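K.L.:
structure of the sequence below:
(chains A and B)
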Amino acid sequence: SQTIHQWPATLVQPVGSPLSLECTVEGTSNPNLYWYRQAAGRGLQLLFYSVGIGQISSEVPQNLSASRPQDRQFILSSKKLLLSDSGFYLCAWTWTSSSYNSPLHFGNGTRLTVT
Amino acid sequence: AQSVTQPDIHITVSEGASLELRCNYSYGATPYLFWYVQSPGQGLQLLLKYFSGDTLVQGIKGFEAEFKRSQSSFNLRKPSVHWSDAAEYFCAVGARRRGSTLGRLYFGRGTQLTVWP
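P.N.:
Reported below is the predicted structural model:
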């Protein structure tokens, strides 16, 4: 069966510090991978998605970047965090080829607080 | 443009009462519809999905949803709510990118469910 791991679970970082959140998927190959951010009362905002190694699409301009160095690894980064980067970050995957009719499978999320 | 509206930000029901969470979508083609549930501090879990066929779909945990094309709705229901159902519920529509087989899910802003004992 497929599993998705996301870490760390919680993170408190000062403004201006770097960020690295990691997500890995097991039990499948060539998944579509996603990073979402969830802010209170604002639902889920798609940040990045990837259909393959080194292929990253950004949905919104922001202070963050993503990378996919391996097939089942997806990393969310920032060089300098802003207060507005605080939120709950979720990694997710779907089966490849047609992501609009495939359910998303989510990790347990990372609670990021920028102080 | 694709969008999902969940009109109720917060709903409170008593344990044992029936539940209906509303979801309206905007999408020009045949929609692929999903309901997810999120417990505090956790990721989202798929409750059920509609792709085609029978407009009443059954999901996990005793939930069901009915697709009504004429109303552009996909409301989630449960006949008798349990205290463990307290969570946030998200409706989503899958939309294909023009000229591509790829697409993405568009989520509503969620409905927070509180269950009174």
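K.L.:
going forward, measure contacts between C-alpha atoms and count neighbours the same way
P.N.:
Noted.
K.L.:
next one: A:Phe11 from chain B, what distance?
P.N.:
Wrong residue type there; residue A:11 is Leu, not Phe. 13 Å (CA to the nearest CA, to the nearest Å).
K.L.:
right, and that residue touches A:Thr115 too?
P.N.:
No. Using CA atoms under 8 Å, A:Leu11 is not in contact with A:Thr115; the gap is 10.6 Å.
K.L.:
identify the residues contacting A:Ser65.
P.N.:
When contacts are counted by CA atoms under 8 Å, 6 or more residues apart in numbering or on different chains, A:Ser65 touches A:76-78.
K.L.:
whoops, I mixed them up, B:Lys78
P.N.:
B:18-20, B:62-64.
K.L.:
list, one by one, the residues from chain B near chain A.
P.N.:
By CA under 8 Å from any CA of the partner chain, the residues of chain B that approach chain A are B:32, B:34, B:41-46, B:49, B:51, B:94-96, B:101-105, B:107-110.
K.L.:
now list the buried members of these.
P.N.:
Buried subset of these (neighbour count, 16 or more other CA atoms under 10 Å in any protein chain shown): B:32, B:34, B:42-46, B:49, B:51, B:94-96, B:102-105, B:107-110.
K.L.:
these in strands, which ones?
P.N.:
B:32, B:34, B:44-46, B:49, B:94-96, B:103-105, B:107 (DSSP state E).
K.L.:
any chance of JSON lines for the contacts of A:Ser65, columns pLDDT, secondary structure and distance to chain B?
P.N.:
JSON lines is the format used below for those (pLDDT from 0 to 100; DSSP: H, G, I helix; E, B strand; the rest coil; distance: CA to the nearest CA, whole Å):
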{"residue": "A:Leu76", "pLDDT": "97", "secondary structure": "strand", "distance to chain B": "17"}
{"residue": "A:Ser77", "pLDDT": "96", "secondary structure": "strand", "distance to chain B": "20"}
{"residue": "A:Ser78", "pLDDT": "96", "secondary structure": "strand", "distance to chain B": "22"}
